[in-house]
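In: Here is my input, please return the structure:
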Amino acid sequence: MSPLYAMGGIILIALIFDYINGFHDAANSIATVVSTRVLTPGKAVVWAAFFNFVAAFGFGTAVAKTVGSGMVDLSVVTFAVIFAGLTGAILWDLLTWYFGLPTSSSHALFGGYAGAAVAKAGFSAVIVSGWTSTLIFIVIAPLIGLSVGLLVMNGIYLFFGQTPPSRVDRWFRRMQLASAAAFSLMHGANDAQKTMGIIAGALVTGGYLQMENGQLPIPFWVVLLAHTAIGLGTLTGGWRIIHTMGSKITKLHPEGGFAAETGAAVAIFTATHLGIGISTTHTITGAIVGVGATRRLSAVRWGVARQIIWAWVLTIPASAAIGATTFYLLKIFGKA
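Out: Here you go, the predicted structure:
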């Protein structure tokens with residue numbers, strides 16, 4: 001296969017991952033607004049997909065540069081490594097979607113990519129400094145979401161505690177449209193950039209793009225492709241996970257949905273501004289738990305939350321194992 005066709009194939013597979021990311025993580029953007037019945041599922045996915053795409057025009061490419069060149073040494077990256085890494089991420093996403101588990105597509109990508117690189121060149125292929133912030137934010141991101149969701153929900157109780165429920169419901173049904181849009185905007189801003197980084201890294205590997213002063217450049221056509229793919233994925237929706245996020249963790253009302261989406265949006269905006277690729281899934285799940293806990297601890301279904309946390313713990317090593325196995329298979333068949 002010619003290098004040009006190989007390059008096109010890698011870009012296509014990266015966009016397929018991006019589409020699955022949107023499909024898998026649609027629950028992040030719309031589960032709360034659907035479970036509170038502010039929007040129908042059909043309208044909710046259109047709303048979320050639109051803001052996923054609009055994020056292409058205002059949030060830079062800092063996360064893309066971190067993912068593309070700050071986590072794995074580009075000097076050891078080949079098309080086989082990228083293909084194996086994407087395969088690890090895609091297969092783990094599809095497996096967890098089948099079981100309705102809201103795991104992180106971002107961490108699946110990081111794990112698959114690193115696993116394939118380690119299979120080729122050993123652990124020296126991993127840039128430890130690039131992983132530090134990501135690993136720290138595995139803990140911090142859901143805690144920020146939980147804390148802000150908790151604070152916003154307590155503030156709502158403080159200021160609207162004496163207001164008739166029917167009036168509160170009416171106000172927050174409108175406000176939840178804004179919070180759902182904000183969360184979808186942040187979801188697109190952070191998650192689409194990870195695919196941009198992989199595509200840009202592949203372009204450098206293939207010699208179609210040059211590093212600029214040690215920095216990975218991200219062409220705008222790559223930005224548009226990535227946001228289009230994740231928006232289309234969100235548009236089709238991963239309904240199994242939406243059910244888990246929207247109703248299994250805790251029961252939400254419009255004011256709770258508003259608080260959860262606001263908390264998660266704040267956390268993701270913070271990480272995106274810092275150029276850190278985080279899990280939007282972890283963040284919104286933490287925010288939902290925080291909102292549920294404001295009523296009483298028993299309002300949170302901790303058994304479901306425990307299952308989700310175990311899936312989080314397994315995501316990076318499992319996708320890394322799949323990525324490494326895929327690379328070894330390519331090597332056996334003379335394709336690596």
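In: Of all the residues in the helix or strand hosting Val289, which ones are buried?
Out: Per DSSP states H and E: Val289 is located in helix 280-295. Across helix 280-295, burial judged by 16 or more other Cβ atoms under 10 Å covers 280-294. All C-beta atoms are positioned from the backbone trio N, CA, C, and that covers glycine.
In: For it, C-alpha coordinates in CSV please.
Out: Coordinates of each C-alpha in helix 280-295 appear next as CSV, following Å, rounded to 0.1, in the frame of the first residue of the first chain:
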residue,chain,number,x,y,z
THR,A,280,-15.8,14.3,30.2
THR,A,281,-17.5,11.0,31.3
HIS,A,282,-15.8,11.1,34.7
THR,A,283,-16.6,14.7,35.1
ILE,A,284,-20.4,14.6,34.5
THR,A,285,-20.7,11.4,36.5
GLY,A,286,-19.1,13.1,39.5
ALA,A,287,-21.4,16.1,39.1
ILE,A,288,-24.5,13.8,39.0
VAL,A,289,-23.3,12.0,42.1
GLY,A,290,-22.8,15.4,43.8
VAL,A,291,-26.3,16.6,42.9
GLY,A,292,-27.8,13.3,44.2
ALA,A,293,-25.9,13.5,47.5
THR,A,294,-27.4,16.9,48.3
ARG,A,295,-30.8,15.2,48.9
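In: Between the two ends of stretch 47-66, how far is it?
Out: Across its full length, stretch 47-66 reaches 29 Å between end residues, using Cα to Cα, to the nearest Å.
In: Pull the distance from that stretch to the chain's centre.
Out: Put simply, stretch 47-66 sits 12 Å off its chain's centre (Cα atoms, centre = their mean, to the nearest Å).
In: Test my guess that Ser228 contacts Phe53.
Out: Careful, residue 228 is Thr and not Ser. Yes - taking contacts as Cβ atoms under 8 Å, Thr228 lies within contact range of Phe53: 6.4 Å.
In: So for these two, which sits in the more crowded spot?
Out: Relative neighbour count places Phe53 above the other of Thr228 and Phe53, with 24 against 19, counting by other Cβ atoms under 10 Å.
In: Check which helices and strands the helix or strand harbouring that one sits against.
Out: Assessed by DSSP H and E, Phe53 sits inside helix 41-54. Here helix 41-54 touches helix 26-35, helix 165-205, helix 220-236, going by 3 or more Cβ pairs under 8 Å, 6 or more residues apart in numbering; DSSP states H and E.
In: Next SSE downstream of that helix?
Out: Downstream of helix 41-54, the first helix or strand assigned by DSSP H and E is helix 62-69.
In: what's next to that next one, contact-wise?
Out: Residues from elsewhere that reach helix 62-69, judged by Cβ atoms under 8 Å, 6 or more residues apart in numbering: 74, 109-110, 130, 190, 193-194, 196-198, 200-201, 204, 211, 215-216, 218, 271-277.
In: Filter those down to the buried ones, PyMOL style.
Out: Listed next is the PyMOL selection for buried residues among the contacts of helix 62-69, using 16+ other Cβ under 10 Å:
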select buried, resi 74+109+110+130+190+193+194+196+197+198+200+201+204+216+218+271+272+275+276+277
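In: Met175 versus Gly104, what's the distance?
Out: No, residue 104 isn't Gly; it's Ser. Distance, Ser104 to Met175, using Cβ to Cβ, to the nearest Å: 28 Å.
In: who has more neighbours, these two?
Out: Higher neighbour count among Ser104 and Met175: Ser104, with 32 against 19, using other Cβ under 10 Å.
In: got the contact list for the closest residue to that one other than its chain neighbours?
Out: Closest residue to Ser104 apart from its sequence neighbours, by Cβ to Cβ, 6 or more residues apart in numbering: Ser279 at 3.5 Å. For Ser279, the contact set (Cβ under 8 Å, 6+ apart) comprises 104, 106-107, 137-138, 141-142, 312.
In: top of those by neighbour count?
Out: Among the contacts of Ser279, Ser104 has the most neighbours (other Cβ under 10 Å), with 32 neighbours.
In: Hmm, it is touching Leu314, no?
Out: No - Ser104 lies out of contact with Leu314 (Cβ under 8 Å); the separation is 10.8 Å.
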